[in-house]
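I'd like to go over a predicted model; first the sequence, then the structure.
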Amino acid sequence: MTTDSATAATAVTAVTARHDGTAETAARPFDVLGKVYEDTYAHLPEQLAAIDWLLARLPARAKVLDIGSGTGRPTAERIAAAGHEVTGYDVSATMVDLARAQVPAALFELADVRALPDTPGRWDAITAFFPLLQMPRADLDTTLVRIADWLTPGGIFVFSTVPFDAEDEEIQWMGQIIRATSYPAETYGRLLREAGLHIVHEQLSVFHPDFPGMGAEEHLFLYAIKPGGPAVPAHALVGPYPLPETYRGPHELNQHGWLGMEARFERHDITPVLAALTGNDRVLDVGGGTGAVVREIAAQLGKITTIEPHAAREESMRPLTARGVTVLPGCAEQLPVGDAEFDATLATWVLHYTDDPDQAVAELARAVDRTHPAARVIIVQGAPDNELIALWNRTCAPLIGEAQDHQGHLLAQAARVLAERGFGDIAFTRARVDVVFPEPGPEAKAQAAATVLADFWNTGHPRLAELREALLPTLRAHFADGADRFNDDAVLLIARPTPFADH
């Protein structure tokens, strides 16, 4: 056996039996290693990234199968913590016991994946991080086909392995003797496609385990989707449920009220937007506002075009032209740009100010060149547990006779419109935003918050003074516990063209 295959075959998870068919043989090294295995492999960057990618796409309360669940960390723990139903299987009794103790929110069973019953269409997602390295190639081929069958239409398979060209070779790994089998990296993609899955991500990486005597390992990560699912599965961040059937209509946008709020923001939603624009060069922002977002993007990319419908805001951004910002007048529902003129479009906290959000999203999609390798649409709206939106819905909406705000409805509709236009790879992630009131003492904080929030939401309303008074009891109670801020959290919708979309 070559040195390369010996080092490559080190990341083995105990889920399958040795080629002689005994699960006990495969389990033995992991029964010995126990928590040491977790300490060595649980912080693998590519695995953590794969879990993040999956969580951004899972429907609410998804049923997830974790093959080779090990100690339950990090995979089952993180997925269960996000509110999903996780079932893990492993052949090592030690691993199963550790997983049950460490991740009580998930279900763990002792089983060989080959012995699991066929359950077509049962699982919304299946994860398999390095578990299929201890079975003959014939069993490996069959297992991948069965996994594809177990997924629901639209279900996701996240898979990793150690690619090398050998079968049933004895190696030494973490002080244990095991027998390992794999394929060259390119073979796995072919096998998954033949099983009916569409691959949306394929990555080779190198890992250096922190364990005596261990060398560098080559890892392969594949993300795949089973065709035929709903265009936009329900996601926990697109709530609260049930969603309203219609749009409430636009909020009024006031420059004075916005500036009062902006001075109090601690925004952590801009950094993930910048990260999402990696690989983009021609970016269009819709609703530039006061320029907080476009300034950061221009600093990163050197240039950006922004559309601003409000004359005062458009004029206030003119000085940013020296920083690479091109400011154009126009509205979100009819962008003054050509088809496929940009490789990314962006709208942050904009849709609830538009007359027709669906048309605005359609315009965002129209302006993107879907053939660009980093093509994407990014939309930022409020999170389902956003405290300020809940406060407005509970106190202000009934007082002034308006329908409640529902940011999840806007995100769900945006996802639907984007999927219909070929942007079917849709991810949702949370970003922290705080509105801070540093005034000394709870009463001063409450008074400041009542003024700032009422002005932000309803400047010029004939019942503005009543709104401020109506807000005060809740604000006093909030700040009485020592708080100095409100959660104004955001959700980022990031949509990319679906590789297998028929558009």
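Received it, and whenever you're ready, just let me know what you need. Numbers count the residues shown, from 1 in each chain.

I'd like to know which elements the helix or strand encompassing residue 47 is packed against.
Element membership of residue 47 [criterion: DSSP states H and E] is helix 45-55. Helix 45-55 is packed against helix 75-81, strand 123-129, strand 151-161, strand 198-207, strand 217-225, with contacts defined by 3 or more CB pairs under 8 Å, 6 or more residues apart in numbering; DSSP states H and E. Where C-beta positions appear, they are placed from N, C-alpha and C, glycine not excepted.

out of these, the one nearest residue 284 is which?
Minimum separation from residue 284 across the helices and strands packed on helix 45-55 (CB to CB) falls at strand 198-207, 24.5 Å.

ok, that closest one: who's next to it in the sheet?
Using DSSP bridges, strand 198-207 pairs in its sheet with strand 217-225 (antiparallel).

and the angle for the partner strand with strand 151-161?
170 degrees (axes from the mean of the first three to the mean of the last three CA atoms, to 10 degrees).

pLDDT weak spots in the protein?
1-29, 31-32, 34, 231, 499-503 (pLDDT under 70).

closest to the centroid, which residue in it?
residue 56 (2.4 Å; CA atoms, centre = their mean).

state the distance from it to residue 419.
Distance of residue 56 to residue 419, computed by CB to CB, to the nearest Å: 15 Å.

can you give me the helices in the stretch 201-350 of the chain?
255-262, 270-276, 292-301, 311-316 (DSSP state H, counting those that start in this stretch).

tally of neighbours for residue 124?
Residue 124 has 23 neighbouring residues, counting by other CB atoms under 10 Å.

list the contacts of it.
58, 59, 62, 63, 64, 151, 152, 155, 156, 233 (CB atoms under 8 Å, 6 or more residues apart in numbering).

picking up where we left off before, mind checking which of the helices of the stretch 201-350 of the chain is nearest residue 425?
Using CB to CB, those put helix 270-276 closest to residue 425, at 12.6 Å.

count the neighbours of residue 245 for me.
If we define neighbours as other CB under 10 Å, then residue 245 has 6 of them.

again, but for residue 317
Residue 317, neighbours per other CB under 10 Å, totals 19.

got it, and residue 318?
Neighbour count of residue 318, defined by other CB under 10 Å: 11.

return the distance of the spatially closest residue to it that is not a sequence neighbour relative to residue 242.
Excluding the flanking residues, the one nearest residue 318 by CB to CB, 6 or more residues apart in numbering is residue 327, at 6.2 Å. Using CB to CB, residue 327 is found at 40 Å from residue 242.

quick one: which of those two has more around it?
The neighbour comparison of residue 327 against residue 242 (other CB under 10 Å) goes to residue 327, with 22 against 9.

please identify which of the helices of the stretch 201-350 of the chain is closest to residue 164.
Using CB to CB, the nearest of the helices of the stretch 201-350 of the chain to residue 164 is helix 270-276, at 32.8 Å.

that closest one - contacts with which helices or strands?
Counting contacts by 3+ CB pairs under 8 Å, 6+ apart, helix 270-276 is packed against helix 292-301, strand 376-382, strand 425-431, strand 490-496.

thinking again about what came up before, want to throw the helices of the stretch 201-350 of the chain into TSV with mean neighbour count and distance to residue 483?
TSV is the format used below for the helices of the stretch 201-350 of the chain (neighbours: other CB atoms under 10 Å; distance: least, CB to CB, whole Å):
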stretch	mean neighbour count	distance to residue 483
helix 255-262	15	17
helix 270-276	16	24
helix 292-301	19	24
helix 311-316	14	31
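
can you lay out the ones you listed as TSV showing distance to residue 369?
Shown next, in TSV, are the helices of the stretch 201-350 of the chain (distance: least, CB to CB, whole Å):
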stretch	distance to residue 369
helix 255-262	32
helix 270-276	17
helix 292-301	16
helix 311-316	26
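
and of the ones you listed, who's closest to residue 491?
So among those, helix 270-276 is nearest, using CB to CB, at 10.6 Å.

show me what contacts the residue lying closest to residue 43 once chain neighbours are set aside?
Leaving aside its sequence neighbours, residue 43 sits nearest to residue 74 (CB to CB, 6+ apart; 7.6 Å). Taking CB under 8 Å, 6+ apart, we find residue 74 in contact with 42, 43, 47, 48, 51.

over to residue 449?
437, 471, 475, 479, 486 are the contacts of residue 449 under CB under 8 Å, 6+ apart.

what does residue 146 give?
residue 118.

looks to me like it is in a strand.
No - membership of residue 146 in a strand is not supported by DSSP: H, G, I helix; E, B strand; the rest coil, which gives helix.

where's it relative to residue 495, distance?
For residue 146, the distance to residue 495 equals 31 Å [CB to CB].

helix/strand/coil for the residue nearest to residue 414 when sequence neighbours are not counted?
Once flanking residues are discounted, residue 414 sits nearest to residue 361: 4.6 Å by CB to CB, 6+ apart. On the three-state scheme (three-state DSSP), residue 361 is labelled helix.

do I have it right that residue 361 meets residue 351?
Yes - with contact defined as CB atoms under 8 Å, residue 361 counts as touching residue 351 (7.4 Å).

tell me which of the two has more neighbours.
residue 361 (31 against 28).

quick one on the thing from earlier: so what sits against both of residue 361 and residue 351?
Joint contacts of residue 361 and residue 351 (CB under 8 Å, 6+ apart) are 379, 414.

residue 355 against residue 248, yeah?
No - between residue 355 and residue 248 there is no contact under CB under 8 Å: 11.8 Å.

those two: who's more crowded?
Taking other CB under 10 Å, residue 355 and residue 248 do not tie; residue 248 has more neighbours (15 against 12).

excluding its backbone neighbours, what's nearest the more buried one?
Closest to residue 248 by CB to CB, 6+ apart is residue 403, at 3.9 Å.

same question for residue 374.
Closest to residue 374 by CB to CB, 6+ apart is residue 279, at 3.3 Å.

how many other residues sit next to that neighbour?
12.

please apply the same query to residue 85.
Residue 85, neighbours per other CB under 10 Å, totals 16.

who's in contact with the nearest residue to it once chain neighbours are set aside?
Computed as CB to CB, 6+ apart, the closest residue to residue 85 that is not its neighbour in sequence is residue 63, at 5.0 Å. Contacts of residue 63 were listed using CB under 8 Å, 6+ apart, and they are 84, 85, 87, 122, 123, 124, 125.

where neighbours are concerned, which of these has the most?
residue 125 (25 neighbours).

and it, what does it touch?
Counted by CB under 8 Å, 6+ apart, residue 125 has contacts 54, 58, 62, 63, 64, 65, 151, 155, 156, 157, 158.

most neighbours of all those, which one?
Neighbour tally across the contacts of residue 125 (other CB under 10 Å): the maximum, 29 neighbours, falls on residue 155.

so how far is residue 444 from the closest residue to that one other than its chain neighbours?
Of all residues not flanking residue 155 in the chain, residue 226 sits nearest, at 4.7 Å (CB to CB, 6+ apart). Residue 226 is 56 Å from residue 444, where distance means CB to CB.
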